[in-house]
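Asks: show me how the following folds:
(2 chains)
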Number of protein chains: 2
Amino acid sequence: MGLIGGSMARDLRRTRFATRIIGVESDADNARRALELGLVDAILPLPEAISDADVVALAVPVDKIAELLPAILSAIPEGTTVCDLGSAKKHIGQLVENHPRRRNYVAAHPMAGTENSGPDAAMERMFAGKICIVCDYEKSGPQHLALIEKMLQMLGMNIAYMTSDEQDHSTAYISHLPHALAFALANAVQSKEDRSIIFDLASGGFQSTVRLAKSAPDMWGPIFSQNREYVLESLDAYMRHLAELRDSISGDEPKMYELMAHANNVRGILAGENSSLIRDEEKIVKLYKR
Amino acid sequence: MGLIGGSMARDLRRTRFATRIIGVESDADNARRALELGLVDAILPLPEAISDADVVALAVPVDKIAELLPAILSAIPEGTTVCDLGSAKKHIGQLVENHPRRRNYVAAHPMAGTENSGPDAAMERMFAGKICIVCDYEKSGPQHLALIEKMLQMLGMNIAYMTSDEQDHSTAYISHLPHALAFALANAVQSKEDRSIIFDLASGGFQSTVRLAKSAPDMWGPIFSQNREYVLESLDAYMRHLAELRDSISGDEPKMYELMAHANNVRGILAGENSSLIRDEEKIVKLYKR
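Replies: Sure, this is the predicted structure:
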């Protein structure tokens, strides 16, 4: 009942996709708070909560998803749809690959969130206009897929379809890498002797870069571990580019300007939200369409 | 007449600190636009513009400040106050160290801005609540210092006093380093083969981390060059911390969690704006007070 689960509960109630929302929450304070905030109608132990649910949505760290998903698939009634909402998908997909209820499961990764957590971080319309990656859709039963697609539509999300491998590779660069950079920046700055001056002066540029360093280790450790291969690939690529920039600052001004000018290209690319989704219909078919 | 100069012009007119504002702008389109937007009353060539100005504010890249400041100090009437607004201060301070008009000059670095540039990027109240670093104040004449302090107060800024060396050292970590990281991130992501997927998926975390990579090379190249020593120090410190995190992800989970937990400390530190300014009065006296 945190940022993701709580925000989803708010929207699914508001849009009347859900008539009754049951939360499962191991932390007593969070459970109380989720009820107080009206995020859920009840908090129940997991076995009871899923015993007659139409949809089970797993909004927990990816190591907990890996632990819970096989057991939940084994426990649900025949017609129940299960989705997870984690940021790494390949490892979890492999775990349930041969599960008899594999087709009840839809692998979803909503690309939305903030650096905050807990029931109080939950907000309405957090997912609106954002992208949800749905992985390996052909492994889900059509009725289960349709129900999750409907749910994502109620959240106002656009859906991109790809394999778990594609999702983990892209998400390493777009999300896991920026988090790693922010963690390292926070540590580098704290290691400076007169760091208090730095924090006093912390300007907008620093704040926006370091924001992700506030993210919860319990959420991010398992992501880094499950997606280790691609996270390391993206980090190694990044470290090469950073070393190149460093060396150019050290003694090659023309190169330094060239690297910055190249970096500036992100301005055009990021200018329109999801610009190439709109620009290049052919690619959509190939990469994103079911 | 860009982001900094234009925003300052807007506020100094609004607060009636300035009765007449003259712009100097070498780009014809920007000059026209600055007049259209009412940022300035006139655009004049530099010699005429400074011939009877009370205050001359240099809002240009730091290489241009280095080029113009000595000449401007030589050309101004005896009572004119000159300030610059650049992000690197030591090199420029050394250039005018022995100038006969050194005391007319106040070295100021407003820690405010966006990744945008040009007259259209100028906005009211951009400086409000932000910090301006004033360097080596004892080298400025008291009347010149008082006038610039008054001007910064009109912009709504808080002033931190320190040496040029302290400012360049701290600003390397707080501002120059995050810009370097963003440039490298933009390049790393563009080097990925299927980069279009990444940009389509670009989420809030990526956008906020890469935002600074849109910054102008003509502004940032000279900053990196003038503050090379401390920029390289901060980059090397950062790269050590990043390598440590990378290696922990690769095979030392307890260490990985330890590094993330340590990074999380920025949450408390950044929670209140300028928290230690408020917390530790003794330090203010030492580092920030005149």
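
Asks: from here on, just use CA atoms for contacts and neighbour counts.
Replies: Fine.

Asks: which SSE is the closest residue to chain B within the stretch 51-200 of chain A in?
Replies: Ranked by CA to the nearest CA, the top residue of the stretch 51-200 of chain A for proximity to chain B is A:Asp200, at 4.3 Å. With elements delineated by DSSP states H and E, A:Asp200 resides in helix A:195-201, which encompasses its position.

Asks: flag the shaky bits of chain A, pLDDT-wise.
Replies: Scanning chain A with the threshold set as pLDDT under 70 gives A:194-196, A:199, A:203-204, A:269-290.

Asks: what's next to the helix of greatest length in it, contact-wise?
Replies: Criterion DSSP state H: the longest helix present in chain A is helix A:228-251. With contact meaning CA atoms under 8 Å, 6 or more residues apart in numbering or on different chains, helix A:228-251 is reached by A:168-169, A:172-173, A:176-177, A:224, A:254-256, A:259, B:180-181, B:184-185, B:187-189, B:224-225, B:228, B:232, B:235, B:239, B:246, B:249-250.

Asks: how much space between the residue of chain A positioned farthest from its centre and A:Ala172?
Replies: Of all residues in chain A, A:Gly251 sits farthest from the chain's C-alpha centroid, using CA atoms, centre = their mean; the distance is 39.7 Å. Distance, A:Gly251 to A:Ala172, using CA to CA, to the nearest Å: 32 Å.

Asks: just A:Pro254 next, same as before
Replies: Shown here: A:Pro254 relative to A:Ala172, a distance of 31 Å by CA to CA.

Asks: neighbour-wise, which of the two wins?
Replies: Neighbours were counted for A:Pro254 and for A:Ala172 using other CA atoms under 10 Å in any protein chain shown; A:Ala172 has more, 28 against 11.

Asks: distance of the closest residue to A:Leu44 other than its chain neighbours from A:Leu145?
Replies: Nearest-residue entry for A:Leu44: A:Val24, 5.6 Å, with adjacent residues in sequence omitted and distances by CA to CA, 6 or more residues apart in numbering or on different chains. Between A:Val24 and A:Leu145 the distance is 23 Å, computed by CA to CA.

Asks: so for these two, which residue has more residues nearby?
Replies: Neighbours around A:Val24 and A:Leu145, counted as other CA under 10 Å, are more numerous at A:Leu145. The numbers are 23 against 20.

Asks: quick one: that one is in a strand?
Replies: No. According to DSSP: H, G, I helix; E, B strand; the rest coil, A:Leu145 belongs to no strand; its state is helix.

Asks: now it. Nearest residue, chain neighbours left out?
Replies: Computed as CA to CA, 6+ apart, the closest residue to A:Leu145 that is not its neighbour in sequence is A:Val106, at 6.3 Å.

Asks: that's a strand at that neighbour, yeah?
Replies: Yes. Using three-state DSSP, the secondary structure at A:Val106 is a strand.

Asks: now the residue nearest to A:Leu44: how far from A:Trp220?
Replies: As for A:Val24, its distance to A:Trp220 is 21 Å (criterion: CA to CA).

Asks: what do you get for A:Asp84?
Replies: A:Asp84 sits 16 Å away from A:Trp220, taking CA to CA as the criterion.

Asks: residues in contact with the spatially most central residue of chain A?
Replies: Among the residues of chain A, the smallest C-alpha distance to the mean C-alpha position (CA atoms, centre = their mean) belongs to A:Ser87, namely 4.0 Å. With contact taken as CA under 8 Å, 6+ apart, A:Ser87 is in contact with A:Val62, A:His109, A:Pro110, A:Asp168, A:Thr171, A:Ile223.

Asks: quick one on the thing from earlier: burial of the residue of the stretch 51-200 of chain A closest to chain B, as a residue count?
Replies: The tally of other residues near A:Asp200 (other CA under 10 Å) stands at 20.

Asks: so which of the contacts of A:Ser87 are also by chain B?
Replies: Taking CA under 8 Å from any CA of the partner chain as the test, chain B is in contact with A:Thr171 out of these.

Asks: could I get the contacts of A:Ser87 as CSV with neighbour count and secondary structure?
Replies: As requested, the contacts of A:Ser87 are arranged in CSV below (neighbours: other CA atoms under 10 Å in any protein chain shown; DSSP: H, G, I helix; E, B strand; the rest coil):
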residue, neighbour count, secondary structure
A:Val62, 27, helix
A:His109, 22, strand
A:Pro110, 22, strand
A:Asp168, 27, helix
A:Thr171, 27, helix
A:Ile223, 22, helix
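
Asks: show me the strands in the stretch 1-150 of chain A, by range?
Replies: Listed from the start of the chain, the stretch 1-150 of chain A has strands (DSSP state E, counting those that start in this stretch) covering A:22-23, A:42-43, A:55-58, A:81-84, A:105-110, A:131-135.

Asks: adjacent strands (with direction) for the third one?
Replies: On the basis of DSSP bridges, the sheet neighbours of strand A:55-58 come out as strand A:81-84 (parallel).

Asks: likewise for the first one?
Replies: Using DSSP bridges, the strands paired with strand A:22-23 in its sheet are strand A:42-43 (parallel).

Asks: and for the last one?
Replies: Each strand that pairs with strand A:131-135, with its direction, by DSSP bridges: strand A:105-110 (antiparallel), strand A:158-162 (parallel).

Asks: can you give me the offset of the last one from its chain's centre?
Replies: Relative to the chain's own centre, strand A:158-162 is displaced by 13 Å; criterion: CA atoms, centre = their mean, to the nearest Å.

Asks: repeat for stretch A:236-251
Replies: 29 Å.

Asks: can you pull the buried residues of it?
Replies: Buried residues in stretch A:236-251, counted by 16 or more other CA atoms under 10 Å in any protein chain shown: A:Ala237, A:Tyr238, A:Met239, A:His241, A:Leu242, A:Glu244, A:Leu245, A:Arg246, A:Ser248, A:Ile249, A:Ser250.

Asks: hmm, who's touching stretch A:118-136?
Replies: Contacting residues not belonging to stretch A:118-136 are listed as A:1-8, A:10-11, A:30, A:33-34, A:37, A:89, A:106-113, A:152, A:155-164, A:167, B:201, B:203 [CA under 8 Å, 6+ apart].

Asks: which of the residues you listed are buried? Put it as a PyMOL command.
Replies: Isolation of the buried members of these (16+ other CA under 10 Å) is achieved in PyMOL through the command below:
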select buried, (chain A and resi 1+2+3+4+5+6+7+8+10+11+30+33+34+89+106+107+108+109+110+111+112+113+152+155+156+157+158+159+160+161+162+163+164+167) or (chain B and resi 201+203)
